[in-house]
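> 3D, please:
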Amino acid sequence: MNERPLRVVIAKAGLDGHDRGAKVIARALRDAGMEVIYTGLFQAPEQIVQTAVQEDADGIGLSILSGAHMTLFPLVVEQLKAQDAGDIVFFGGGTIPPEDARRLKELGVREIFTPGAPLQTIVDFVTRECGKRRTPAA
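Residues are numbered from 1 along each chain as shown. Modelled structure (predicted):
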């Protein structure tokens, strides 16, 4: 039986109109054989999670450069819980200070990547963590 490739939603939330980094990540994940759904700009957390649920996504990658990460990331975590989708791997990136990244991880964001993170590191993370979601519990 052939399994479908890992499926990842890449999203931009809030009023952040800078999407070059998100598109670079989306391309790297596609090049690694994953299916990528790019939501486009100005998405609400509810829309992002709804897209992930509808697309049966294994992961959500959220890019924020606007400084609203401490508001928007927790809202996505809340929506994942509210839609009983807490098993979807949620990670993000952007200009996020280390202290904020630590707090976001405590809240349930699996990983935070900042500008300059090697693409292979991100691909490896997504492959490993989203792959775990596919592995049945023994």
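> and the residue nearest the centre of the chain?
Among the residues of the chain, the one closest to the centroid is Gly61, at 1.5 Å (C-alpha atoms, centre = their mean).
> would you mark the buried spots in the longest helix along the chain?
Using DSSP state H, we find that the single longest helix of the chain is helix 119-134. For helix 119-134, the buried set under the neighbour-count rule, 16 or more other C-beta atoms under 10 Å, comprises 122-123, 125-127, 129-130. Heads up, the C-betas are built off the backbone N, CA and C, glycines and all.
> what are the ranges of the strands in the chain?
7-12, 35-38, 59-64, 89-94, 111-113 (DSSP state E).
> who touches the fourth one?
The set of residues that contact strand 89-94 without belonging to it, under C-beta atoms under 8 Å, 6 or more residues apart in numbering, is 21, 25, 58-65, 69, 73, 76-77, 80, 104, 108-115, 117, 122, 125-126, 129-130, 132-133.
> one step back: other SSEs contacting the longest helix of the chain?
In terms of contacts (3 or more C-beta pairs under 8 Å, 6 or more residues apart in numbering; DSSP states H and E), helix 119-134 is packed against helix 20-31, strand 59-64, strand 89-94, strand 111-113.
> the closest residue in space to Gly33 that isn't next to it in sequence: neighbour count?
Leaving aside its sequence neighbours, Gly33 sits nearest to Pro5 (C-beta to C-beta, 6 or more residues apart in numbering; 5.4 Å). Using other C-beta atoms under 10 Å, Pro5 is surrounded by 14 other residues.
> so what's Pro5 up against?
Pro5 neighbours (C-beta under 8 Å, 6+ apart): 33-35.
> check the gap between it and Ala52 for me.
15 Å (C-beta to C-beta, to the nearest Å).
> got a list of what Ala44 touches?
Ala13.
> let's see that with 10 Å instead.
11, 13-14, 50, 72, 75-76, 79 (C-beta atoms under 10 Å, 6 or more residues apart in numbering).
> in the residues you listed, find the pair that's most separated.
Greatest spacing in the contacts of Ala44, by C-beta to C-beta: Gly14 and Gln50 (16.1 Å).
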